[in-house]
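Engineer: just to be clear, the model below is a prediction. Sequence and coordinates:
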Amino acid sequence: QAERDRAEASLPAETPDGVRVELAGNAGSPGEVAFAMEKGAEGIGLLRSEFLFMGRSTAPTEEEQYQAYAEALRNARGQRVIIRTLDIGGDKDVPYLGLAKEENPFLGVRALRLCFRRPELFQTQLRALLRASVHGRLAIMFPMVSGLSDLRRAKEALAEARRSLEAEGHPVADRYEVGIMVEIPSAALLADHLAREVDFFSIGTNDLVQYTLAVDRGNPELTEMYQPYHPAVLRLIDRIVQAAHAAGKWVGVCGEMGGLPEGALLLLGLGVDELSMAPALLPRIKRLVRSTPAAEARAVARECLELGTPEEVLALVGPLVRRVG
Ligand code: PEP
Ligand code: MG
């Protein structure tokens, strides 16, 4: 098995009818970037920057962050690394940030909302990212964007970081991509507007499912109701993909749905350009891509968009996936 995985790691993720999908890895540290590349990832679709902020008593300095981002970029050996800006909120305990206890942390001061309230925290991270941009192929991604004002405000903060670095004579790469996670239903519904002002989308299905179905993603009482295959979720994803492509932008998925065979098949059928997942899942998903004609995935996905329940969706997609094994 390990032998087979190694041999397959170098094969392209291309369907039998010639549609290329980028298979990337999710990572939680620079070391995991290296691990994902070994597993055959073509890049990093999500590097969660929280690793730098958790389990310590003071915020990481700009220099510390710069070193970590630069290491992550070097470990990707020229492939793209999407680094997501801080996504911490009331549900994670980071004592030195002095976060208020909230009744509904997932609906509270989380991610960008926290960063907008702590400009120094945000500027430090954005400066570190831009300084690291010269060490590889960087993409910066903003989490929890709810609409155009969030996006514009985040981009303005990035522009400010760039101006301050240039004024100090720090080198910054000419080109780096700037994108957003689409993980709040309002962003999905406004994807046409958002697409014109970003380089890419990455769909965060973990949160998109939670917010669309109003089901807490971590509540064990509700696992049955937490359904990425819900047609309501599929319709939002369809809309996001269409909006991105209409604007000439690429769209990926970095939520867990992309690493599940049924999910990957549906997402492929809905037209996503990139799937990013835990590196251990890459070999199986690559086999699925290499044995499923895109035309067939598209036809099934279209059919699923017209269904009414997740059970019906799974009944249609399940057999196609089991065929591959
Ligand atoms: C998501 O919401 O799908 C996602 C990838 O981000 P996180 O799981 O870190 O919220
Ligand atoms: Mg999320």
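Structural biologist: Arrived safely, thanks for sending. Ligands and ions are numbered 1, 2, ... in the order given.
Engineer: which pLDDT value goes with Arg323?
Structural biologist: pLDDT for Arg323: 85.
Engineer: if I look at Arg287, how far off is Val21?
Structural biologist: Distance of Arg287 to Val21, computed by CB to CB, to the nearest Å: 12 Å. Yep, even glycine has a C-beta here, placed from its N, CA and C like the rest.
Engineer: between these two, which one's more packed in?
Structural biologist: Counted by other CB atoms under 10 Å, Arg287 and Val21 do not tie: Val21 has more neighbours, with 23 against 18.
Engineer: what's the burial count for the nearest residue to the more buried one once chain neighbours are set aside?
Structural biologist: Distance criterion CB to CB, 6 or more residues apart in numbering; nearest residue to Val21, sequence neighbours excluded, is Ala13 at 4.9 Å. Applying other CB under 10 Å, we find 23 residues neighbouring Ala13.
Engineer: ok, the one 10 residues further on next?
Structural biologist: The criterion is other CB under 10 Å. On that basis, Leu23 has 27 neighbouring residues.
Engineer: secondary structure element for it?
Structural biologist: Assigned by DSSP states H and E, Leu23 falls within strand 22-27.
Engineer: outside of stretch 163-170, which residues touch it?
Structural biologist: Gln123, Arg127, Leu130, Arg131, Val172 (CB atoms under 8 Å, 6 or more residues apart in numbering).
Engineer: among those residues, which one lies nearest to Ile240?
Structural biologist: Using CB to CB, Leu130 is the member of the contacts of stretch 163-170 that lies nearest Ile240, at 27.3 Å.
Engineer: tell me how far that closest one lies from ligand 2.
Structural biologist: 23 Å (CB to the ion, to the nearest Å).
Engineer: quick check: phi and psi on that residue?
Structural biologist: Phi and psi for Leu130, reported as degrees, to the nearest 10, are phi -70, psi -40.
Engineer: quick one: buried residues of stretch 113-133?
Structural biologist: 114-115, 121-133 (16 or more other CB atoms under 10 Å).
Engineer: out of the residues you listed, which sit inside helices?
Structural biologist: Judged by DSSP state H, helices contain the following of those: 114-115, 121-132.
Engineer: could you dump those to JSON lines with distance to ligand 1 and pLDDT?
Structural biologist: Formatted as JSON lines, these follow (distance: CB to the nearest ligand atom, whole Å; pLDDT from 0 to 100):
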{"residue": "Leu114", "distance to ligand 1": "14", "pLDDT": "96"}
{"residue": "Cys115", "distance to ligand 1": "15", "pLDDT": "97"}
{"residue": "Leu121", "distance to ligand 1": "18", "pLDDT": "97"}
{"residue": "Phe122", "distance to ligand 1": "18", "pLDDT": "98"}
{"residue": "Gln123", "distance to ligand 1": "22", "pLDDT": "98"}
{"residue": "Thr124", "distance to ligand 1": "21", "pLDDT": "98"}
{"residue": "Gln125", "distance to ligand 1": "16", "pLDDT": "98"}
{"residue": "Leu126", "distance to ligand 1": "19", "pLDDT": "98"}
{"residue": "Arg127", "distance to ligand 1": "23", "pLDDT": "98"}
{"residue": "Ala128", "distance to ligand 1": "20", "pLDDT": "98"}
{"residue": "Leu129", "distance to ligand 1": "17", "pLDDT": "98"}
{"residue": "Leu130", "distance to ligand 1": "22", "pLDDT": "98"}
{"residue": "Arg131", "distance to ligand 1": "24", "pLDDT": "98"}
{"residue": "Ala132", "distance to ligand 1": "20", "pLDDT": "98"}
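Engineer: which among the residues you listed gets closest to Glu221?
Structural biologist: Nearest to Glu221, judged by CB to CB, of those is Leu114 at 27.7 Å.
Engineer: show me the contacts for that closest one.
Structural biologist: By CB under 8 Å, 6+ apart, Leu114 lies in contact with Leu86, Ile88, Gly89, Leu97, Leu99, Leu121.
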